[in-house]
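Student: Got a predicted model here, sequence first, then my questions.
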Amino acid sequence: MKTIRIGIIGLGANCRLRHVPGLQECENVEITGVVNRSTKSTAAVAKEFGIPKTYDHWEQLVADPELDAVVIGTWPYLHCPITLAALGSGKHVLTEARMACNLEEARQMLAASQQRPELVAQIVPSPLGFDALLTIRRMVDEGYLGELREVVAIATDDAFANPDTPLHWRQSAELSGQNVLALGILHEAVSRWIPKTESVLAQAQTFTQKRPDPASGELVAVERPDSVHVLTQIDGGALGLYHLSSATHFAAGIQVQFFGSEGTIKYLISSENKLLAGKAGSPSLAEVKIPPEEAYAWRVERDFIEAIRGEKKVELTDFATGVRYMQFTEAVVQSAELGRRVDVG
């Protein structure tokens, strides 16, 4: 097989944890180039991982004819321009989530990928629910719930509960765009098991209006909320409830609950990683063991390489799916600002 040469833009925490090891495990794949925000950081990660080529700017990496694919590990504000440039240069793209800063950028990225169908365009998928992905999908498809009635999705923690905690990049509109807390990553996971969300009614609150800038220490405005509540209407008549907050002490963590006419499925993701279910009339919920053949593990980098080689198509997550969750995110932001229900898409 031809060696696939990868360039990484923004080799940060998630690339260290996931993408570099995942790519290194793939046969005939070489991480050939890297560029970070500073020359010093670029040199350091190149030395650490034995990457032969470095660049002063991301545009130089994208233009390098020796590279076949680009991994985008930056914050969302660069996902769109880098993707457009990379696809325009004939390179496959794997971009970190969230897809883009806003829906318009996401649509531009999808349109660019559709103009180059021979190139792989993939978004790093939400890992929430990976372990039980196939099992819950099978249970829903087999009618375990009966008629879906309600969905409750929770993602709460105390990351921003302390008003002295410095501003996080996710709280910056410039760097993160319309993305709010874990809203996109949670909705992407939930959407793998339920019909399309048709409309949302949202409210949001920023409890700490200013936080110390991590670089200067000066107080700056917090531009993204600490807490979001969303009511949804789901295709087919079911209702949904999302509660996201990073200002809650002794929080519930991350969990998703599905309530139907005949049964309930409850997935405790962050605290216990436990799947529970029960049929109507049962005394209580019981743990559901994941069958070995349904255990779904992280294989994002391998999926990307296999897609480049034409061995499979991208499922988690293609650009069309990314646009759909960006539609949801943008509708939530608009609803909170306007104080009324907003259609999704």
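Tutor: Happy to help now that I have it.

Student: For Phe259, give its distance to Ser335.
Tutor: From Phe259 over to Ser335 the distance is 23 Å, taken as CB to CB, to the nearest Å. For every residue, glycine as well, the C-beta is placed using N, CA and C.

Student: what's the helix or strand for Thr329?
Tutor: helix 319-338 (DSSP states H and E).

Student: so for that helix, what's the average pLDDT?
Tutor: Averaged over helix 319-338, pLDDT sits at 98.

Student: Looking at Phe259 and Ser335, which one has more neighbours?
Tutor: Between Phe259 and Ser335, counted using other CB atoms under 10 Å, the more crowded position is Ser335 (22 against 17).

Student: so who does the more buried one touch?
Tutor: With CB atoms under 8 Å, 6 or more residues apart in numbering as the criterion, the residues that contact Ser335 are 200-202, 230, 341-342.

Student: what do you get for Thr42?
Tutor: 34-36, 54-55.

Student: just these now: which is nearest Gln122?
Tutor: For those, the closest approach to Gln122 (CB to CB) belongs to Val34, at 19.2 Å.

Student: Surely that closest one forms part of a strand?
Tutor: Yes - checked against DSSP: H, G, I helix; E, B strand; the rest coil, Val34 lies within a strand.

Student: List the beta-bridge partners for it.
Tutor: Ile8, Thr54 (DSSP bridges).

Student: Could you break this structure into its assigned domains?
Tutor: Here the domain parsing of the chain from automatic domain parsing is 4-124+299-317, 133-294.

Student: Deepest-packed of those domains, please.
Tutor: domain 4-124+299-317 (a mean of 19; mean count of other CB atoms under 10 Å).

Student: Distance from stretch 307-322 to the middle of the chain?
Tutor: Distance of stretch 307-322 from its chain centroid, counting by CA atoms, centre = their mean, to the nearest Å, is 15 Å.

Student: Out of the domains of the chain, the one nearest Phe328 is which?
Tutor: domain 133-294 (5.1 Å).

Student: what does stretch 129-138 rub up against?
Tutor: 189, 192-193, 256, 258, 265, 267, 269, 273, 275, 288, 290-291, 294-298.

Student: Rounded mean pLDDT for it, please.
Tutor: Here the average pLDDT along stretch 129-138 is 96.

Student: Now that stretch - C-alpha only, PDB.
Tutor: Output of stretch 129-138 as PDB, limited to C-alpha atoms (Å, rounded to 0.1, in the frame of the first residue of the first chain):
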ATOM      1  CA  GLY A 129     -22.200   6.800  24.300                       C
ATOM      2  CA  PHE A 130     -19.600   5.000  22.200                       C
ATOM      3  CA  ASP A 131     -19.600   1.900  24.400                       C
ATOM      4  CA  ALA A 132     -23.400   1.300  24.200                       C
ATOM      5  CA  LEU A 133     -23.900   2.800  20.700                       C
ATOM      6  CA  LEU A 134     -24.800  -0.400  18.900                       C
ATOM      7  CA  THR A 135     -26.700  -1.900  21.800                       C
ATOM      8  CA  ILE A 136     -29.000   1.000  22.300                       C
ATOM      9  CA  ARG A 137     -29.500   1.300  18.500                       C
ATOM     10  CA  ARG A 138     -30.500  -2.400  18.400                       C
END
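
Student: all helices for this protein, in order.
Tutor: 13-14, 20-24, 39-49, 58-63, 79-88, 103-115, 133-141, 173-176, 183-190, 300-308, 319-338 (DSSP state H).
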